[in-house]
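In: Give me a 3D structure for the following:
(2 chains)
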Amino acid sequence: MIENPLEQHHHGVNDKAIFGFWIYLMTDLIMFAALFASYAVLRDNTFGGPGASELFSLPGALTETLILLTSSFTCGLAILAAYKNNKTQTLIWFGITFLLGTAFLVLELKEFSHLIAEGNSFQRSAFLSSFFSLVGTHGLHIAVGLLWMLVSMVMVWFKGLTPFIVNKLTRLILFWHFLDVVWIFIFTIVYLHAHI
Amino acid sequence: MPTYKSYIIGFILCLALTLAAYFAVTNGFSNAGMIIVALAIVQLVVQLIFFLHLGQGKDGHWNLTVFFSTVSVIVIFVIGSIWIMNHLNYNMMPTEVEHSLMHMENIYK
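Out: Below is the predicted model of the structure:
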């Protein structure tokens, strides 16, 4: 068991902040569920255009999945280092998480630009509209998460691991783990299901 | 509270579940559709326990309560949407498709 420096504040404001953030994540999950439902409903409405099995590559999606899963793991190691009050290790693990997250986003944007270049943009069919809404919303969350991570790293660098900052980091890793959980379902329902 | 052990166990389990789902599809298992959804739900539970540490710690039951009420909302409207929209698709087809379907299913007006 690792000693958590936040333990002494456990019944203070910090605890409520994390609970409030969890409620935000759950409402975000409802929004993603709506996007999943519209994708499931519109999946076959290709309007004469290409379908999911012709457009999505499985090895590419697996690479993205493994990158995001590893980044979820390394951000966990970062928060453990923060709980142990080890500033250097915290920054290194968050740095690795940031690079993996950036790699994921670059791969996703490459896939998008490839689809659009071939004339299969979100305007092509209802199926592609729902695909770009769902995967694009997730990508937007990843981009915001990366910005948040960068700002947090700067704060840790200059101010050190104060209880206030460690509490902020705890919310950041909740957000990052949450995005990986949503991605499992995108990988399953969008990419794997296309090739059955 | 998170530990190294929980993160390493969670990571290995998630890797195994992801690769299992991938190979179920690439090897063309006949019931791959069911398998991958089941594996995704198992991986959801694994990540909730080992990465998000849901329901652990002093006030964890509140997080768990909010989570389950969210899941019930999601299950109702996702399954409901798919159910209703599939019926609408079936019942509001163009006339030609409707006639060929009636022929296929031996329905006569």
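In: anything in the lengthiest helix in chain A near chain B?
Out: Secondary structure of chain A per DSSP state H: the longest helix is helix A:126-159. No. Helix A:126-159 lies out of reach of chain B by C-beta under 8 Å from any C-beta of the partner chain, never closer than 11.5 Å. For glycine as for every other residue, the C-beta is placed from the backbone atoms N, C-alpha and C.
In: how about the helices in chain B?
Out: Assigned by DSSP H, the helices in chain B fall at B:4-26, B:32-50, B:60-91, B:95-104.
In: Rebuild those as TSV, extending it with mean neighbour count, mean pLDDT and distance to chain A.
Out: Conversion of the helices of chain B to TSV gives the following (neighbours: other C-beta atoms under 10 Å in any protein chain shown; pLDDT from 0 to 100; distance: least, C-beta to the nearest C-beta, whole Å):
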stretch	mean neighbour count	mean pLDDT	distance to chain A
helix B:4-26	17	96	4
helix B:32-50	18	96	4
helix B:60-91	13	92	4
helix B:95-104	10	77	13
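In: Columns distance to A:Ala37 on top of the ones you listed, output as JSON lines?
Out: Converted to JSON lines, the helices of chain B look like this (distance: least, C-beta to C-beta, whole Å):
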{"stretch": "helix B:4-26", "distance to A:Ala37": "21"}
{"stretch": "helix B:32-50", "distance to A:Ala37": "15"}
{"stretch": "helix B:60-91", "distance to A:Ala37": "4"}
{"stretch": "helix B:95-104", "distance to A:Ala37": "24"}
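In: Minimum distance to A:Phe56: which of the ones you listed has it?
Out: Smallest distance to A:Phe56 across the helices of chain B (C-beta to C-beta): 11.5 Å, for helix B:4-26.
In: Dump the C-alpha coordinates for that closest one into PDB.
Out: Written as PDB, here are the backbone C-alpha positions of helix B:4-26 (Å, rounded to 0.1, in the frame of the first residue of the first chain):
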ATOM      1  CA  TYR B   4       1.800  -0.700  -8.600                       C
ATOM      2  CA  LYS B   5       0.400  -4.200  -8.300                       C
ATOM      3  CA  SER B   6      -3.100  -3.200  -9.300                       C
ATOM      4  CA  TYR B   7      -1.800  -1.200 -12.300                       C
ATOM      5  CA  ILE B   8       0.400  -4.000 -13.600                       C
ATOM      6  CA  ILE B   9      -2.300  -6.700 -13.200                       C
ATOM      7  CA  GLY B  10      -4.800  -4.400 -14.900                       C
ATOM      8  CA  PHE B  11      -2.400  -3.600 -17.800                       C
ATOM      9  CA  ILE B  12      -1.600  -7.300 -18.500                       C
ATOM     10  CA  LEU B  13      -5.300  -8.300 -18.300                       C
ATOM     11  CA  CYS B  14      -6.300  -5.400 -20.700                       C
ATOM     12  CA  LEU B  15      -3.600  -6.400 -23.200                       C
ATOM     13  CA  ALA B  16      -4.700 -10.000 -23.200                       C
ATOM     14  CA  LEU B  17      -8.400  -9.000 -23.600                       C
ATOM     15  CA  THR B  18      -7.600  -6.600 -26.400                       C
ATOM     16  CA  LEU B  19      -5.500  -9.100 -28.300                       C
ATOM     17  CA  ALA B  20      -8.100 -11.900 -27.700                       C
ATOM     18  CA  ALA B  21     -10.800  -9.700 -29.300                       C
ATOM     19  CA  TYR B  22      -8.600  -8.800 -32.200                       C
ATOM     20  CA  PHE B  23      -7.700 -12.500 -33.000                       C
ATOM     21  CA  ALA B  24     -11.400 -13.600 -32.500                       C
ATOM     22  CA  VAL B  25     -12.200 -11.200 -35.500                       C
ATOM     23  CA  THR B  26      -9.100 -11.900 -37.700                       C
END
